[in-house]
Structures are given as C-alpha cells and as structure tokens.
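In: I'll drop the sequence and a predicted model, then ask my questions.
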Number of protein chains: 2
Amino acid sequence: MQLLQNKVKEEGIVLSGQVLKVDSFLNHQMDPVLMKEVGKEFTRRFKDENVTRVLTIESSGIAPGIMTALEMDVPMIFARKQKSLTLREDIFVEKVYSFTKQETNEITVSKKFIKPGDRVLIVDDFLANGEAAFGLARIVEQAGAEVVGIGIVIEKAFQPGGRLLAEAGYRVESLVRIASLDDGTVTFA
Amino acid sequence: MQLLQNKVKEEGIVLSGQVLKVDSFLNHQMDPVLMKEVGKEFTRRFKDENVTRVLTIESSGIAPGIMTALEMDVPMIFARKQKSLTLREDIFVEKVYSFTKQETNEITVSKKFIKPGDRVLIVDDFLANGEAAFGLARIVEQAGAEVVGIGIVIEKAFQPGGRLLAEAGYRVESLVRIASLDDGTVTFA
C-alpha cells in the first residue's frame, strides 16, 4: 500500500535494528484518513471471505479495526489485555507473551461476541513475532469460529511472525512489509 | 442523540445503581456505524470551534475519537494509561484516579503532538466523576493549548463530573445523559 509506505518512509523513526516508531500516525497520534484507507484496503483484500466479525486487540489495533469493520459493515471486537485475572466462565482467555515488554499478558474476549459459524478477520497494527495474532486466533478457535485471515498494517518481515502464521495455515495480508531496520534505515520487502 | 439512546435502552445492562454495561456496542464489541454517527454528531456540535486536534484516552475512547477526527479532518491523539512510569522530558504526565477500579493511573501524551495554539476537542466514551476528562484537560493546558470542548458519548448525570467540568468553564456535550440507574432501569435525563 503506497500511501502507507510513504508515511512510514517520511515519518517512521528507526530506534534500533528491531524497533520502528510510528507514533505520529499509528500508535499514539493517529491519522484518521490513513486509517480509513487501511480499512478500505483490508476490505478489498478480504472481500470474498464473507467476514462476520473483525477482531483486534487494544489499543493501537482499535483504529484500523473499527475502520475495517465500518467498511465491511460488521461489528468489531477488541480483546482486552491484562496482567492476570480471576478465571471467569463468560470469557475466552489466552496468554500472550510480549517480546518488547518481556512480559506475559492475558487477553480476553467475552463469549457473547464470537460464536460458532462466525468468520473472523483479525486486524492488528504490527506483526513481529506473531504472539498477539496467534493469541487472537486461538480465541476465535476456542469459540468454534473460523479465522478467515489476518490483516496487518506493518509487518516486520525480518521477524518470524509472518512465516509462522503462514505455516500454521493462516492467510496473512500485510499492507507494508519491512525487510530490515539496519543502519537506521527502513528497507521495504 | 436518539440512535444512541435507543441502543442504550435496547442493549445496555444495568449492573448496579452506578454501573451500566454497554459492551455490545461501545466498550468491547463496537458498532462501527454508530461510532461514525457519534463522530458526525460531535462534528456538528463543535463545528464553529475550529478544532485542530481530537484527544482521547485508551481504550474505549479511540473508536469515537477516530471517527470524530475523520469527520473533522484533523489528527487524533490517544493518551496512554499506565500504573507509573519514569519521568521523561518528552511527555506530559497527569495522574488520574479511577473510582471504578480504585486506583491511580498516570496518563501520558507526547509533547510532539499538542502545541501552543492547538484547539483541542476531548472525546471520551463515559463521563462519571470527570477524572479522566480533567486529566486530559490539564495535559492540553500544560501544552499551552486550548480545550474547546469535551464530547462524551454517555454521561452518568447522577455523578458529579458533568457539573464539575461545567463549573470549571468547560463546554461539555454529552450525546446521552442518564439521570438514574436505580431499580435496574435506565432513566434518561
């Protein structure tokens, strides 16, 4: 997606060989017109999948998620993240390890909102090791629903998440793929 | 806003005299069409204010915030919430007490994104005691910018936030105002 690639080129800040800061349009300040275009592009790519729900995770997934859901005219659900919680009957829970923060969170979704027969598109802002996407996919499968695809705004293709998700049989569509952040420069795949 | 009031009436669950659960369209599952209408309505109400930035707080403020920002064609910023953090030069920090969770969080916004001269519309999903709205307003004022208004999706008008914000001189526009949750019933103001 050219518009997004330009934005990454112009405004992305390479903090290390692993970390790209995009807080001017995706992670903290958000560009609503770009988010709308992201929603349109995911809708175009997954138009034959009869998506019934968009699932994302707080917080940075919510804006691209809601724009995709608007374009597809389906509800969006965002998984909540918390340190740990008392087990409850009415929620799906999965553990997700964050390599960046070096901590494990529990992500939760109410059982009311994903049902057997649902065709779920997972949307997230970043794909690195794939932990969050796998956690969301396990929740969809716990619900007896189907993951029809995973839409990623920015994939760090030099980290293994994209390959691992593909090997597990998921269709991953990343709008921008970054091959390397070496030498303080963004190189696209 | 009639559409929203109907949704509260049909789908809101009164958990106690203080707590209304709206997780089917605002807090967990989100209705994107409704969020778009919320964005349009805030834009209509604040159309003469020359808003340059929409400011909200993670996580449930992001969807109404981004839809408002899209309609107004300005960037949106969401404040991050955390338990506590090391002081940093490049961020504004304010403490916000949550009566619901009985804990104090620090909310932060990067100094890059709100500047003197900005005319900021604060958007949030709920208004109860006003702690989050006051915290966001103090951040805007720390930045030397102006709070031109506070747009709230659902105000619990039996709690003091709306009155306190008005007394402090802020213009508050709540799309739905709830007078009481007594006897398991939503009574609108």
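Out: It's in.

In: Packing partners of the lengthiest strand in chain A?
Out: Counting residues, the longest strand in chain A under DSSP state E turns out to be strand A:146-156. When contacts are defined as 3 or more CB pairs under 8 Å, 6 or more residues apart in numbering or on different chains; DSSP states H and E, strand A:146-156 packs onto helix A:2-11, helix A:32-45, helix A:62-72, strand A:119-127, helix A:131-142, helix A:161-167, strand A:172-180. Using the backbone N, CA and C atoms, a C-beta is placed for each residue, glycine as well.

In: quick one: contacts of stretch A:158-177?
Out: A:1, A:4-5, A:8, A:18, A:38, A:41-42, A:45-46, A:127-131, A:133-134, A:137, A:147-155, A:157, A:178-181, A:188-189 (CB atoms under 8 Å, 6 or more residues apart in numbering or on different chains).

In: mind listing what's buried in it?
Out: If you call a residue buried by 16 or more other CB atoms under 10 Å in any protein chain shown, then stretch A:158-177 has these buried ones: A:158-159, A:161-162, A:164-165, A:170, A:172-177.

In: same deal with stretch A:47-63?
Out: A:51-63.

In: And for stretch A:95-108?
Out: Buried positions in stretch A:95-108, judged by neighbour count with 16+ other CB under 10 Å: A:96, A:105-108.

In: again, but for stretch A:80-100
Out: In stretch A:80-100, counting by 16+ other CB under 10 Å, buried: A:80-81, A:91-94, A:96.

In: can you tell me which of the residues you listed lies nearest to residue B:29?
Out: residue A:80 (11.7 Å; CB to CB).

In: For the closest residue to residue A:111 other than its chain neighbours, give me its contacts.
Out: Spatially, and ignoring its direct neighbours in sequence, residue A:111 is nearest to residue A:90 (5.4 Å; CB to CB, 6 or more residues apart in numbering or on different chains). Counting by CB under 8 Å, 6+ apart, residue A:90 touches A:110-112.

In: Ranking by neighbours, what's the top pick from the residues you listed?
Out: Most neighbours among the contacts of residue A:90, by other CB atoms under 10 Å in any protein chain shown: residue A:110, with 18 neighbours.

In: Check the gap between it and residue B:177 for me.
Out: 27 Å (CB to CB, to the nearest Å).

In: just residue A:57 next, same as before
Out: Going from residue A:57 to residue B:177 by CB to CB gives 31 Å.

In: between the host helix or strand of residue A:106 and helix A:131-142, how many degrees?
Out: Using DSSP states H and E, residue A:106 sits in strand A:103-110. Strand A:103-110 and helix A:131-142 meet at an angle of 30 degrees, taking axes from the mean of the first three to the mean of the last three CA atoms, to 10 degrees as the criterion.

In: Low-confidence bits of chain A, can you list those?
Out: A:85-86 (pLDDT under 70).

In: so residue A:179 makes contact with residue A:187?
Out: Yes. Between residue A:179 and residue A:187 there is a contact at 4.8 Å, judged by CB atoms under 8 Å.

In: So what's the residue count around residue A:144?
Out: Counted by other CB under 10 Å, the residues lying close to residue A:144 total 11.

In: That one reaches residue A:119, doesn't it?
Out: No. The pair residue A:144 / residue A:119 is not scored as a contact, 12.0 Å apart, by CB under 8 Å.
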